[in-house]
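Asks: model this:
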Amino acid sequence: MSKILLIDDEIMITSTLSTLIEMMLDYEVITFNNPKTLIESGILESGKIDLVISDFIMPYMNGLDLLSLIKEKQPHIVPILLTGYSDKESAIKSINDLGLYYYLEKPWDNHELIKVIQNGIEKGKLENELSQKLVVIEKKNQEISRLYDLLRRDFDKEMGNVLEFIVSLTNLVEAKDAYTDNHTRRVSDLALALGVRKSLSQEQLRYVEIGAMIHDIGKVSTPESILNKPGALTPEEFEIMKNHPEAGARIIRPISALQKPSEMVLSHHEKLDGSGYPNGLKADEISVETRIITISDIFDALYTDRPYRKGMPLEKALNILKSDAENGKLDQELVGFLLEMADSGELQKIYGE
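Replies: Have a look, this model is predicted:
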């Protein structure tokens, strides 16, 4: 059950608000009528509080100072300030200075108050879930920090926001598809190795790495029941799965710095003979960077375990790619590089063998 802290020096207000909240919402409400009593109670140290509503003008400490202190002890709490009309300017200023979620003027509208509380609780839950997932992502995926360093060197200030966006989206996909996190790392490493053998420029290699890391970002729109299905997909389910390249491109395309990677995201399931999807591109319509990601993606999908089958032996996986290259579906030169990497042992090292 969500927990709400309510502080106002007027007992009538805390009584009225707590009764309203408990009647309208299934939340626990804890009330105080003096900031000093709250601080000395130890409740701020004894457990997580989801949302706090504080009056502005109170004895001992004003609402802004109190909320600041509460935020120090409960960093994830959602703060709401009750103000009079004369305090409105200070409340607006505190939105930036304190990270205030919302301020309500007295007298408040009950319907508005309940809606603000509901939205605030939901916001806190989403932020908490995202925070927890980001911790997991940072521990599991070294490519996140590698991408951060890559972008920090070569992109302008805007790219800082781009990274946060990519991390957030990657977090959502990985939360749905346990296979995706290791898959993206391996595809990225393999694509870079193929790009080096192809003598791509540093700029091309940078885009290949980014494109490989986010090539499956569109799976955020794919139902988990399909992503994690233990058996083969039905034709209807496969048609839904085939939407993820377009979904991913729609997510990435608005970011100007990621225009080239967005093309790779859109086209990483295209084939040179036009048999791929979503647009049936052929030959030179598919960039070399995309061809590299496609081959890396296919090999990893064949060679590693999937939710519905075990990975294939190395020779069998390579033979499938070799056959596709001979039949005009994949780039023969790039598949040749992959075979050379297998002969030299470089490919096996990428997979920790």
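Asks: roughly how far apart are the nearest residue to residue 222 once chain neighbours are set aside and residue 74?
Replies: Nearest non-adjacent residue to residue 222, counting by C-beta to C-beta, 6 or more residues apart in numbering: residue 244, 5.5 Å away. Using the backbone N, CA and C atoms, a C-beta is placed for each residue, glycine as well. Here the distance between residue 244 and residue 74 works out to 39 Å (C-beta to C-beta, to the nearest Å).
Asks: if you count surrounding residues, which of these two has more?
Replies: Neighbour count, other C-beta atoms under 10 Å: between residue 244 and residue 74, residue 244 has more, with 24 against 20.
Asks: from what I see, that one and residue 223 are in contact.
Replies: No: between residue 244 and residue 223 there is no contact under C-beta atoms under 8 Å: 11.1 Å.
Asks: run through who's touching the helix or strand containing residue 19.
Replies: Residue 19 is part of helix 11-24 when elements are defined by DSSP states H and E. The contact list for helix 11-24 (C-beta atoms under 8 Å, 6 or more residues apart in numbering) reads 4, 6-8, 27, 29, 31-33, 53, 55, 82, 110, 113-114, 117.
Asks: give me the pLDDT for residue 66.
Replies: Note on residue 66: pLDDT of 91.
Asks: any weak-confidence spans in the stretch 1-150 of the chain?
Replies: Counting by pLDDT under 70, the stretch 1-150 of the chain contains low-confidence residues at 85-88, 90-91, 93-96, 134, 136-150.
Asks: one more time with 80
Replies: 1, 84-99, 130-150 (pLDDT under 80).
Asks: got the residue ranges for the strands in it?
Replies: Assigned by DSSP state E, counting those that start in this stretch, the stretch 1-150 of the chain shows strands spanning 3-7, 28-32, 51-55, 78-83, 102-105.
Asks: which one of those strands lies closest to residue 343?
Replies: Closest approach to residue 343 among the strands of the stretch 1-150 of the chain is made by strand 78-83 (58.3 Å; C-beta to C-beta).
Asks: parallel or antiparallel, list what pairs with the closest one.
Replies: strand 51-55 (parallel), strand 102-105 (parallel) (DSSP bridges).
Asks: quick one: that strand to helix 11-24, angle?
Replies: Interaxial angle, strand 78-83 versus helix 11-24 (axes from the mean of the first three to the mean of the last three C-alpha atoms, to 10 degrees): 140 degrees.
Asks: was I right about residue 189 contacting residue 349?
Replies: No: when contacts are counted by C-beta under 8 Å, residue 189 is not listed as touching residue 349 (9.5 Å).
Asks: those two: who's more crowded?
Replies: Taking other C-beta under 10 Å, residue 189 and residue 349 do not tie; residue 189 has more neighbours (18 against 12).
Asks: for that one, what are its contacts?
Replies: residue 350.
Asks: same question for it, what's its three-state structure.
Replies: Put simply, residue 189 is helix when judged by DSSP: H, G, I helix; E, B strand; the rest coil.
Asks: what's the answer for residue 231, then?
Replies: coil.
Asks: any idea how far residue 312 is from it?
Replies: Applying C-beta to C-beta to residue 231 and residue 312 gives a distance of 17 Å.
Asks: equivalent analysis for residue 98, please.
Replies: 57 Å.
Asks: same thing with residue 106?
Replies: Distance from residue 106 to residue 312, counting by C-beta to C-beta: 68 Å.
Asks: mean confidence for stretch 258-268?
Replies: pLDDT averaged over stretch 258-268 gives 92.
Asks: show me what counts as buried in it.
Replies: Residues of stretch 258-268 classed as buried by neighbour count (16 or more other C-beta atoms under 10 Å): 258, 260-268.
Asks: show me the residues you listed that map onto helices.
Replies: Residues of those located in helices (DSSP state H): 260-267.
Asks: of those residues, closest to residue 332?
Replies: residue 267 (18.5 Å).
Asks: contacts only, for the closest one.
Replies: Per C-beta under 8 Å, 6+ apart, neighbours of residue 267: 245, 276, 279, 281, 286-287, 290, 294.
Asks: if we use 7 Å, what do you get?
Replies: Residue 267 sits next to 281, 286, 290 when contact means C-beta atoms under 7 Å, 6 or more residues apart in numbering.
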